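Asker: Mind looking at a prediction? Sequence and model below.
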Amino acid sequence: MSRTIAGLLGRLLLTALLLFLILVVGFYSLYSALFALDGSRGWIALGCMTVGAGLAGSMGYAISRLWRRQGRG
């Protein structure tokens, strides 16, 4: 029983950490894109947003795999 609770708490903690990182990556990529647009560098802004979206998407995928794995075991 305590093993199940520990696993659930571990998953919740990891999910919270990944969601926080998604938030940080999202704001940082948005800030860097806006900073690049201020200097009229549209390609750099597009690159910043693409990298930020890719990182946030991969962390979201990690969260979905984390909770999907729990259902099989």
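Answerer: Arrived safely, thanks for sending. Residues are numbered from 1 along each chain as shown.
Asker: Where do the helices of this protein begin and end?
Answerer: Using DSSP state H, the helices of the chain run over 2-38, 42-72.
Asker: tell me which strands and helices the longest one is in contact with?
Answerer: It refers to helix 2-38. On a contact count with 3 or more CB pairs under 8 Å, 6 or more residues apart in numbering; DSSP states H and E, helix 2-38 meets helix 42-72. For every residue, glycine as well, the C-beta is placed using N, CA and C.
Asker: Tell me the spacing between the most centrally placed residue in the chain and residue 58.
Answerer: Residue closest to the average C-alpha location in the chain (CA atoms, centre = their mean): residue 22, at 2.9 Å. Per CB to CB, to the nearest Å, residue 22 is found 10 Å from residue 58.
Asker: go on, residue 27?
Answerer: 17 Å.
Asker: what's the answer for residue 30, then?
Answerer: For residue 30, the distance to residue 58 - CB to CB - is 17 Å.
Asker: Can you point out the buried residues in stretch 39-52?
Answerer: By neighbour count with 16 or more other CB atoms under 10 Å, stretch 39-52 contains the buried residues 45, 48-49, 52.
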